[in-house]
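S.K.: Mind folding the following:
(chains A, B and C)
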Amino acid sequence: MTGLRHRAWSAAGNRNTVAVVVLLVLALIYPTIVGSLQLVPVIGDFVPKTDSMVVMVVFTTMAIGLNMVVGYAGLLDLGYVAFYAVGAYTAGWFASQQFSQVSIDFGAAGIPDGLPGIHISMWLVLPVAGALTMLAGTAIGIPTLRLRGDYLAIVTLGFGEIVPQVVRNADNVYGFDLTHGTFGITPIDSLGFGAVGAALGLPESFRQSSDRAQWYFWFAVVILLITVFCSVRLRDSRLGRAWIAIREDETAAAAMGVPLMRTKTWAYAIGAFFGGVAGAFYASFKGGAFPADFYFNISVFLLCMVILGGVGSVWGVILGGMLLSYLNVEGLANIGSTIQATGLAFDPTKYQFGIYGSIIVLMMLFRPAGLIPERRHRVEMEEGVHDTPFYDVQREGTLTDRDGSDD
Amino acid sequence: MFGKKVVVLLSFAVAVAVVAVVAVGCGGSEGSAPEALPSSSCTAIEYEGDGNPDYLVVSDLPLQGASRAQAVQIVDAIRYELKARDFKAGDYNIGFQSCDDSTAQAGKWDSGKCSQNANAYAANDKVIGIMGTFNSGCAAIEIPIVNEAPNGGIAMISAANTYVCLTQGGPGCETTEPDRYYPSGTRNYARVVANDAYQGGADAEFAQSIGLKNIYVINDKEAYGLGVATNFQKAAESLGIKIAGFEAYDPKASSYEALFKKVQASGADGVFVGGLICENGAQLIKDKVAVLGANDGAVKLITPDGFATQQTIDDAGSASAGMFMSVAGQPIDQFTGEAKEFADTFSKDYLKGEPIDPYAIYGAQGAQVLLDAIGASDGSRADVIAKMFEAKVDQGLLGSFEIGATGDPEGASGAVTAIVVYKATDKLETVKVISPSQATVDAALGK
Amino acid sequence: MLPRLRGARVTDLIGLTLLGLLLIWLAVNFVKGPAAFIDISLIGLTNGTIYGVVALGYTLVYGILQLINFAHGDVFALSGLVASTVIVSVLGLDEGSSALVIIGGLAVTLVVIMVGFSLFNASIERVAYRPLRNAPRLAPLITAVGMSFVVENISLALYGVNYRTVPNLISHSDVIHIGGITYSWSKASVLIIVIPLLVVLSWFVRSTKQGKAMRAVAQDTEASAMMGIDVDHTIAVTFLIAGALAGAAGIVYLMQFNMRFDTGFELGLIAFTAAVLGGIGNLSGAVLGALCIGFIQAFNEGLGWFAPGSDWTRSMVFGILILVLVFRPEGILGEQTPEGA
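M.R.: Got it, this is the predicted structure:
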């Protein structure tokens, strides 16, 4: 073990490569070994199915996106679910029968000829969803990012509440059905290798293939890795350093020439991008987008992953994300059936958000930097930062930073 | 900085690999029993016959939250039917799993759960039939997924979905409905319950019969509530009743008094609510009474089966008195023949004195149709579907009907297309049984 | 300097235009049906008053700690649910009880709940917020979000997912009935309970030593600590008062509406919006903001001419929140000092 540690410490460039290779190998073999893992006595009952792993990886991806906003730039976003919604609905618009007025097929996998609606290949829809969500993030960000921390949190929460209601009510925009109301958009096209892939013996469409979960899982991991890569690279870039400077001391950062608005908006937009991609991917996996999916609790759930793992720490967020989404998808239910097998009538899934809430509170009280703390952030938590002290109530100018800090 | 983490990850990887190898070593004893669906949603396989089950039948219902009571009775009705046949359909041994499509936190069906379940069914080649869903919204998710299952579409039969456009198109539906639910091009979904056009039509005919002229329609905007409200509106208009307004209410709002002020200003003499009692329905009823007066006064209140349960009276208290509630089927006290026999035995065996829910009998009827289809089939999923669409029920639990090409019950006589209207006192009192005329039903569909 | 000035003028112009459109909309609706308009206003007044009591809890805590106490709404909901148990199961009040018994019973409930929940709220502060006094500012806010879920799930565990209600203890007979306008005792009871509370609160904050200490801490914590004010004690008192207000609001709400475990989340957001609208930290602002929200909500749902209707209410409330924060973050009364409450 010391050898491993030594190597990892000494070869800075190799550290990520090693971790990524490990993750890749695990991901590659997981669908194959999951069956035998589940046969292991005692722990076998708690091994997540490949199907659940997809959901876990998707939510972890979103958590990493959120981490860029909350962790790097220190902007508390309580409405991240809005980005998930925009991503999911973009998939619904461009890869389903929603707009049956037209019939467009652009490389979509596994759909019959002449199917009404817009059917762009899901591979293209993913980045498009990211880009649209980025636009939405910018549009939300520009008027609101000038607000101070806790006000920003509330405004994002407001957007997080408005977006689902708009989605719900936009089934009749002057007679035009944009979102199909509470019914949601279903079915959304599947990812797949299309006719070319089919010729090579790969599934034309994942949904029609018997290895659906496995393919979705592998590509979810690919998206996760891309997100992690971007996240790590961004953190070490000029922009990332600017974010961290803003997080640590906004006034000082501005004084050192960091353009606050532009930098914050980038954090918001990039964080939104990954939320949108993950949202579109999940919509395709699930086969639909529904307004009822986008409620405030999801935002808090994602925030909880970031806090549990370690605000600002990529590896921490992966750990926190996988752990919590495991609990959410399967874990609590599995634990519940174990508890109920002993005769106790207690169902932990019923209190899942209470459990996440307790995790947030306990983490903030006892280990505020998270399970795998980011070093710099731990220092901030332990030694304090030049943040406005908690009970220093300055009446003047505390409401916004609109004075002087604008670029 | 990553040193420790990499070590953690690597040791985790090693641990996983070791466990996997060990597990592969010990595993490998393959029984002929079918692989069970995941325990996070479903009960263990229930099977009391000889040997191992050849196929699985699953039910997919919201077992938590507001619809729990009805869902549990449907599950029990399926168990009842299976027991009565010794877990056999024709020559095949049938195992049963009851799956849950709801979450406790939401207190109702959840789209993620529906999709997860449907994908689990699709991936399990032993699943040969699905009894479900309860909510039309969930059906809209599950039908296309199981329709495109890798080993062929799976037969699905619902005892409770009443949303019209799942099976039939028409002016009230999207142009791509219902075809969008059947991406493979072959239908795999049927139901043994009359769609909302019947209930909307019956409620409209009832409104006409009590002399209402001007009705305000409100709905919860959910698939079911909006659907039945739309059907009611269209049917009522065809009968010459004026629609004073058509509006959504927000189930999360705390008060509806302002909304009813608007109703009052419209001069309506009746209110129709498309919604569910669990969606703040009790508050809605109370505020209706507070603003528009008692339900047997000048402004009547008509509700569909989303309100037709004892819970409405318990929750809304005295405000519920005099409101009308409709529900598909025959009044339980008027059951005859096979239906009466079922109700008596079922109540005795499963309900321990609780009142039987109208949905139990629909569940039993659905299970019979599905199990008969499996029994008559050659054991392939495609043939089960084909046999399901050939099903003819003669003097069965719900009278006589056959499953038409759309999957809706057709050529019906008896309970399956009848609608009972109850009036709330301290319990549900039967007022009238209506079988809406074909003209009204067509009008409700917007034809 | 110049671009900023111009920017300010443009935002002011947009804000004033929006305000003008709102007034025109109200005027047209009033002319179209004056009686219905007044009726609907009375509904708005009742709801707004209830929001106001909850909003006061947010604004008190924010004024002193600059913390959005997310859990406040859920404390409110839990207090209402517990009150339903006290009223129905412990005291056994129902519609048939005599007026004296009902008034006495409600008074007892009010006292018990207000005391109980002031302690509950203060213990939340002690356990979850006090250890974070010197942490970065977002830390207690995140904790508050977590606390909110914890409290909500306590309600869920105790009361399940169904709505709870109490019998109509206060008669729905009319206080006023002129033309089409009606105002029932049940609605009037809200004002009858709330107004004295507000008077007491205002007296407390203005005139007592403890109230003066609160204002001092709100103005400058360090200076007041130097002047010998026990800051921790003062903050604890603030949470006690906020908890008592949540309890009172819970009972008043319960007398009007059904409640369940997640009522507090929805209502908390509305009340918080009200506090921001009025100018957070400002006590009269919170009440004023809450009345505005109550009116807007009722008008939106009840008026016939160009009202978006109830399925847009939530978007409207949060739209207002966002517009206020963008155009006038200090709120309606924000420029007055909070001590002037």
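S.K.: Find the closest residue to chain C in the stretch 201-350 of chain A.
M.R.: Using C-beta to the nearest C-beta, the closest approach of the stretch 201-350 of chain A to chain C is made by A:V300 at 6.0 Å. C-beta: built from backbone N, CA, C; applies to glycine.
S.K.: so that residue is in which element?
M.R.: Here A:V300 sits within helix A:296-309, counting by DSSP states H and E.
S.K.: Quick one: list the elements packing against that helix.
M.R.: Identification of packing neighbours for helix A:296-309 by 3 or more C-beta pairs under 8 Å, 6 or more residues apart in numbering or on different chains; DSSP states H and E yields helix A:50-67, helix A:81-94, helix A:149-169, helix A:314-326, helix A:352-366, helix C:138-159.
S.K.: ranges for the helices of the stretch 1-150 of chain C?
M.R.: Ranges of helices within the stretch 1-150 of chain C are C:2-32, C:34-65, C:71-85, C:99-124, C:138-159, based on DSSP state H, counting those that start in this stretch.
S.K.: export the ones you listed to CSV and tack on mean pLDDT, distance to chain B and mean neighbour count?
M.R.: Formatted as CSV, the helices of the stretch 1-150 of chain C follow (pLDDT from 0 to 100; distance: least, C-beta to the nearest C-beta, whole Å; neighbours: other C-beta atoms under 10 Å in any protein chain shown):
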stretch, mean pLDDT, distance to chain B, mean neighbour count
helix C:2-32, 76, 9, 12
helix C:34-65, 91, 5, 25
helix C:71-85, 95, 11, 28
helix C:99-124, 93, 16, 18
helix C:138-159, 92, 8, 24
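S.K.: need those helices in TSV with distance to C:L321, can you?
M.R.: Output for the helices of the stretch 1-150 of chain C, formatted as TSV (distance: least, C-beta to C-beta, whole Å):
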stretch	distance to C:L321
helix C:2-32	14
helix C:34-65	12
helix C:71-85	14
helix C:99-124	24
helix C:138-159	16
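S.K.: picking up where we left off before, winner for burial among the helices and strands packed on helix A:296-309?
M.R.: helix A:81-94 (a mean of 30; mean count of other C-beta atoms under 10 Å in any protein chain shown).
S.K.: returning to that earlier point: quick one: neighbours of the residue of the stretch 201-350 of chain A closest to chain C, just the number.
M.R.: 26 (other C-beta atoms under 10 Å in any protein chain shown).
S.K.: gap between it and A:G79?
M.R.: A:V300 sits 10 Å away from A:G79, taking C-beta to C-beta, to the nearest Å as the criterion.
S.K.: Please apply the same query to B:D315.
M.R.: Applying C-beta to C-beta to B:D315 and A:G79 gives a distance of 33 Å.
S.K.: Just the closest residue of the stretch 1-150 of chain B to chain C, please.
M.R.: Counting by C-beta to the nearest C-beta, the stretch 1-150 of chain B gets nearest to chain C through B:G107 (4.3 Å).
S.K.: That residue reaches B:G65, doesn't it?
M.R.: Yes - between B:G107 and B:G65 there is a contact under C-beta atoms under 8 Å: 3.4 Å.
S.K.: Please enumerate the shared neighbours of those two.
M.R.: Listed as contacting both B:G107 and B:G65 by C-beta atoms under 8 Å, 6 or more residues apart in numbering or on different chains are B:C278, C:V161.
S.K.: part of a strand, is B:I94?
M.R.: Yes - under DSSP: H, G, I helix; E, B strand; the rest coil, B:I94 sits within a strand.
S.K.: Please, which helix or strand holds the nearest residue to A:T90 once chain neighbours are set aside?
M.R.: Leaving aside its sequence neighbours, A:T90 sits nearest to A:A129 (C-beta to C-beta, 6 or more residues apart in numbering or on different chains; 3.8 Å). Element membership for A:A129 (DSSP H and E) is helix A:122-144.
S.K.: Alright, calling it a day.
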